[in-house]
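Trainee: Sequence first, then the predicted structure:
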Amino acid sequence: MDMMEKLEILTASAKYDVACTSSGSDRKNQAGGLGNAVSMGICHSFAADGRCISLLKVLMTNGCIYDCAYCVNRKSNQTRRAALSPEELADLTMQFYRRNYIEGLFLSSGIMRSPDYTTEQMIAALELLRNTYHFRGYIHVKAIPGADDVLLSRLGLLADRMSVNIELPSQQSLGLLAPDKSKNSILKPMSLIKEKINENRSDLVKYNHAPRFAPAGQSTQMIVGATPDTDFRILTLTEGLYRKYGLKRVFFSAYTPVVEHSLLPALDTKPPLLREHRLYQADWLLRFYGFQAGELLDEAAPNFNPLLDPKCSWAVNHREQFPVEINRAAYEQLLRVPGIGVRSAQRIVKARRAGALDFTALKKLGVVLKRAQFFITCKGRMLEGLKVSEHTLLRSLMSGQELAAIEPPQYEQLTLFSDSDLAALPAAGAAAHKGGDWP
Amino acid sequence: MFKPAALAYTYDGSFEGLLCCVFESYQWKETPLAIHSDGEEQGLLLESKWIATDSSRAGRVLKSLPLRICPEAEELVRLGFWSCTPDKELLLLNFLYLGFTHGRKVMNMLADDTVNTLHKAVQQLRREAHLYLGFVRFSVYGPVMAAVIEPKGFVLPVIQDHFCDRFYGESFMIYDKTHRMALIHQPGQQAIIPLEEWIPPEPDAAEEEYRRLWKGFYNAIGIRERRNDRLRSSLMPKRYWKHLTEMKGSTTAVSGGKPTGSSKMLEEGAPRLGDGEVFNSQ
Ligand code: SF4
């Protein structure tokens, strides 16, 4: 099999892993080395689906001894298999990196022979890159559940970021669809990585040159829409993972049907992109806006509203907290205003030191008033001429424009919603089944 | 701001030259109606005054920036000068009037039109420079590597450190076709120099092969069921495609209509919150 064919097969089977970020590591080059790492992350291209391409994302092999139902690489799937040797992988990474195609490598693999053997192969490839080619770019590596602690620790010293995929948001789902994996086999490497990162941090305080263990931290991914788990369940789990395992990122992957299976959505089901998008929005609210999962959803309304983004939904349900006065409100309060994001809030706080702000000034600062106008006052006044009927409010809050770019077909549907649909807002989406008991 | 004088300044187009225009304006307490760089199309109606570049005058203006405004002001002015905003010279002159009047406070006066326009111009330059950290595509010609870019703003000085560190041991050139300038780097040496023209040599077999593999990777990584041309071209505007290896010879038609999304950078997983902004990263 020639290189092109291998690369195509191993890329196509890695593409459902959504993480492609190269952020979180800052590392200069040094004499004899090639590359560096930039903490803000760099996108090198954008794929036809609009996703950022930052890393050479491939599997070492798409052959696998396991049989996870939702996965294209599972043992029982009739598909072409390929494998890259550590040498081929290292060469490809170096050649792509020199041409500035990529920030580095995202290496994952199907399980060949055993988790330990697979991990050894991955270590061989990364050692070649780091020690022989002196590659100083970014490496994200997948920890293989079930591999020996010692091997995982070695892997972590070669990589910037490690991840173990949670895959399914509840234990029941996992039991049904990934019979070879258990909650424990996934959480164990996760806590090992967390421990190693913490240990490393105190080593670094003691010895400046201690080798760094996954300096960009760890992340995980969950598949959304393959199982009946609700958004509330997923978001609570996400929050728990951030707290308990100190994760840098939780990624969501809208399930794209790849196989016929009685427990999975039919093959012609579209990936739930809007739902994935809502979860990312909520995730952002948890990480940067000071929200908690329980504020955004609850057992009674366990799913996000398709028409309103999570922050608008929250604001509409908490009208007693508005309007806030732009010239006095605390930064945290500003962040909770629909339409005001981190950057706008920072700008407001900075600019109001130079003088009281009015609506014209806000516009100049780049604050988008379309949504914010309903929730703020400037110098004690609402925007002049603003009509605040329930109807205009909800219309302005609906996220058509933003979504158009994310998911064009959905946008077309949104414009068709009638006033009676609007009247039903903001009651959130229908309740779904309950999930199990993750951490 | 001084009394408007019914004339235009013409200078040599260099940063030092612009600083001399500032000097001139203060010396004669006059504000020109326009500032043109040499060779640029000029309004015929205005009398024009040639401002010679004089390093000692330029030096005096430059030194006063950190002293009388603040150190960040110097950077802002330099970046503003590299931006592609129309009439950037007059904008910078107006900014300096404000700066010399209000001092450090000018940096926060975001609601002022001049300060605001300058900030936006600089932001745009920074954004474009950030995109180019990813969008530069080198070709390897034996021991050297070269890339061509066509940026709107003059991004080379902004991306210089990044590439010189990353490819520390390499000899490379990044040619800016718009501004006819090149960043040239060899281990231990680097410079940005004028270069009228540069035509890339034919790639050798190895170079061809890696380009082909990269295109293969690019095509395989997209998920068909999630295809979204509009999103792609809002994040990677088509004007960049010409020099992107993976997009060359691309026959992919982009479905009609202008992208409605913002053209800001979007790292994987960064959602639009409807807050009128998008995040770069964490
Ligand atoms: S172990 Fe990983 S590669 Fe193998 S079938 Fe399960 S999800 Fe797929």
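Mentor: Cool, got the structure. Numbers count the residues shown, from 1 in each chain, chains lettered A, B, ... in the order given.

Trainee: what about the residue of the stretch 101-250 of chain B found nearest chain A, helix or strand, and which?
Mentor: Proximity of the stretch 101-250 of chain B to chain A (C-beta to the nearest C-beta) peaks at residue B:231, 3.1 Å away. Where you see a C-beta, it was placed from the backbone N, CA and C, and this is true even at glycine. Secondary structure assignment for residue B:231, by DSSP states H and E: helix B:229-235.

Trainee: Quick check, central residue of chain A?
Mentor: residue A:251 (2.7 Å; C-alpha atoms, centre = their mean).

Trainee: where does the stretch 251-400 of chain A have low pLDDT?
Mentor: Residue ranges of the stretch 251-400 of chain A with pLDDT under 70: A:388, A:390-391, A:399-400.

Trainee: Now for residue B:47, how many residues are close by?
Mentor: Burial of residue B:47 is recorded as 10 neighbouring residues (other C-beta atoms under 10 Å in any protein chain shown).

Trainee: partner residues bridging it?
Mentor: For residue B:47, the beta-bridge partners under DSSP bridges are residue B:7.

Trainee: what pLDDT does it get?
Mentor: Here, the pLDDT recorded for residue B:47 equals 84.

Trainee: I'd say it and residue B:9 touch.
Mentor: No: contact criterion C-beta atoms under 8 Å: residue B:47 and residue B:9 do not qualify, at 10.6 Å.

Trainee: what about the strands in chain A?
Mentor: A:45-46, A:52-53, A:55-59, A:104-108, A:138-142, A:161-163, A:218-224, A:249-254, A:324-325, A:376-377 (DSSP state E).

Trainee: can you list those strands in CSV and add distance to the ligand?
Mentor: Below are those laid out as CSV (distance: least, C-beta to the nearest ligand atom, whole Å):
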stretch, distance to the ligand
strand A:45-46, 25
strand A:52-53, 21
strand A:55-59, 8
strand A:104-108, 8
strand A:138-142, 9
strand A:161-163, 13
strand A:218-224, 10
strand A:249-254, 12
strand A:324-325, 46
strand A:376-377, 47
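
Trainee: Figure out which of those is closest to residue A:343.
Mentor: Residue A:343 lies closest, by C-beta to C-beta, to one member of these: strand A:376-377, at 16.3 Å.

Trainee: Any part of that closest one near chain B?
Mentor: No: Strand A:376-377 is not in contact with chain B by C-beta under 8 Å from any C-beta of the partner chain; minimum separation 13.2 Å.

Trainee: and that strand, which strands flank it?
Mentor: strand A:324-325 (parallel).

Trainee: With residue A:226 as the reference, measure out to the closest residue to the residue of the stretch 101-250 of chain B closest to chain A other than its chain neighbours.
Mentor: Of all residues not flanking residue B:231 in the chain, residue A:50 sits nearest, at 3.1 Å (C-beta to C-beta, 6 or more residues apart in numbering or on different chains). As judged by C-beta to C-beta, to the nearest Å, residue A:50 and residue A:226 stand 22 Å apart.

Trainee: does the residue nearest to the centre of chain A have beta-bridge partners, and which?
Mentor: In beta-bridge terms (that is, DSSP bridges), residue A:251 pairs with residue A:221.

Trainee: cool, and residue A:108?
Mentor: Applying DSSP bridges, one finds that residue A:108 bridges with residue A:59.

Trainee: Verify the contact between it and residue A:62 for me.
Mentor: No: Residue A:108 lies out of contact with residue A:62 (C-beta under 8 Å); the separation is 9.9 Å.

Trainee: Report the spatially nearest residue to the residue in chain B that the ligand sits nearest to, omitting neighbours in sequence.
Mentor: Going by C-beta to the nearest ligand atom, the ligand is nearest to residue B:223 of chain B, at 16.2 Å. Leaving aside its chain neighbours, residue B:223 sits nearest to residue A:49 (4.9 Å; criterion: C-beta to C-beta, 6+ apart).

Trainee: Next, that neighbour: phi, psi?
Mentor: phi -90, psi 10 (degrees, to the nearest 10).

Trainee: Pull up the gap between it and residue A:258, please.
Mentor: From residue A:49 to residue A:258 the distance is 15 Å (C-beta to C-beta).

Trainee: what does residue A:33 give?
Mentor: 39 Å.

Trainee: repeat for residue B:29
Mentor: For residue B:29, the distance to residue A:258 - C-beta to C-beta - is 74 Å.

Trainee: same deal with residue A:383?
Mentor: Residue A:383 is 50 Å from residue A:258, by C-beta to C-beta.

Trainee: between these two, who's got more neighbours?
Mentor: Applying other C-beta under 10 Å to residue A:383 and residue A:258 shows that residue A:258 carries more neighbours, namely 19 against 16.

Trainee: Which residue, neighbours along the chain excluded, lies closest to that one?
Mentor: residue A:72 (4.6 Å).

Trainee: So what does that neighbour have for phi and psi?
Mentor: Dihedral angles for residue A:72 - degrees, to the nearest 10 - are phi -60, psi -20.

Trainee: Could you report the neighbour count for it?
Mentor: Neighbours of residue A:72 (other C-beta under 10 Å): 18.

Trainee: Does it touch residue A:15 like I think?
Mentor: No: taking contacts as C-beta under 8 Å, residue A:72 lies outside contact range of residue A:15: 9.4 Å.

Trainee: where does the stretch 151-282 of chain B dip in pLDDT?
Mentor: B:249-282.
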